[in-house]
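**Q** Here is a sequence together with a model predicted from it:
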Amino acid sequence: DSGVTQTPKHLITATGQRVTLRCSPRSGDLSVYWYQQSLDQGLQFLIQYYNGEERAKGNILERFSAQQFPDLHSELNLSSLELGDSALYFCASSPRQGMRDEQYFGPGTRLTVT
Amino acid sequence: AQKVTQAQTEISVVEKEDVTLDCVYETRDTTYYLFWYKQPPSGELVFLIRRNSFDEQNEISGRYSWNFQKSTSSFNFTITASQVVDSAVYFCALSEGPGGSYIPTFGRGTSLIVHP
């Protein structure tokens, strides 16, 4: 158990809908990262937040957004969902700002868009 | 071109065999970090090791060992006396900086199946 929690574990929704994925980092970790894992694209970095502020952006679509709250939990919002958004979404955390550190991953949220 | 290449899509071995997972990376930076993560059937990625570009010393942790060679841009992972519990997908990742801001790039993974 990495100490990173993610809810929900599974999510099934229809195209065009909007969903929110939630992540709580390990105790003491200030950085939160979001990743998407799909068969087509593999494991891709989406976005990083550090202590409430956006720090780095990867291949995140404009339909997706994220935020980190004062209690350090983070939410990833996916809107206007398409079939291709079906994937496993991971949250990870680390103590510091830089991504040179090892990251601790949550169990993931499996999103299925029908 | 892929920055991290794990050419072995799937490897199948019998328990107690040694197995090496290959990772070849591509970067122009002199400062970078390499990682290995394990993704067991349960799905959660587990950190195994981090190496920075200035430390080419090989590392051994129990049955796991890593061979980092800058000359061949490789960071290979060997499991000695494999066990069924080693069955998982293993990912190699590269974090480049400072232009890359250390955003990690993952390989496509190698699925290791260890048969009893």
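**A** Great, that's in hand.
**Q** Which residues are in contact with A:Asn77?
**A** Neighbour list for A:Asn77: A:18-21, A:64-67 [criterion: C-beta atoms under 8 Å, 6 or more residues apart in numbering or on different chains]. C-beta: built from backbone N, CA, C; applies to glycine.
**Q** who in chain B is up against chain A?
**A** B:33, B:35, B:37, B:42-47, B:50, B:52, B:91, B:95, B:97, B:101-109 (C-beta under 8 Å from any C-beta of the partner chain).
**Q** which of the contacts of A:Asn77 count as buried?
**A** Listed as buried from the contacts of A:Asn77 are A:19, A:21, A:64, A:66; burial here means 16 or more other C-beta atoms under 10 Å in any protein chain shown.
**Q** Reformat those residues into CSV and put secondary structure, pLDDT and distance to A:Val4 next to each item.
**A** Listed next are the buried ones among the contacts of A:Asn77 as CSV, based on DSSP: H, G, I helix; E, B strand; the rest coil; pLDDT from 0 to 100; distance: C-beta to C-beta, whole Å:
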residue, secondary structure, pLDDT, distance to A:Val4
A:Val19, strand, 98, 19
A:Leu21, strand, 98, 13
A:Phe64, strand, 97, 19
A:Ala66, strand, 97, 15
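**Q** Could you work out the end-to-end span of stretch B:47-63 for me?
**A** The straight-line separation of the ends of stretch B:47-63 (C-alpha to C-alpha, to the nearest Å) is 16 Å.
**Q** Check the offset of that stretch from the chain's centre.
**A** Chain-centre distance of stretch B:47-63: 10 Å, with C-alpha atoms, centre = their mean, to the nearest Å.
**Q** go on, stretch A:29-47?
**A** On the basis of C-alpha atoms, centre = their mean, stretch A:29-47 sits 6 Å off its chain's mean C-alpha point.
**Q** in it, what's buried?
**A** Neighbour-count burial for stretch A:29-47 [16+ other C-beta under 10 Å]: A:29-37, A:42-47.
**Q** returning to that earlier point: if we take the buried ones among the contacts of A:Asn77, which one ends up nearest to A:Asn51?
**A** Set against A:Asn51, the nearest of those by C-beta to C-beta is A:Ala66 (14.1 Å).
**Q** Just confirm the closest one contacts A:Glu53, I think it does.
**A** No. Contact criterion C-beta atoms under 8 Å: A:Ala66 and A:Glu53 do not qualify, at 11.6 Å.
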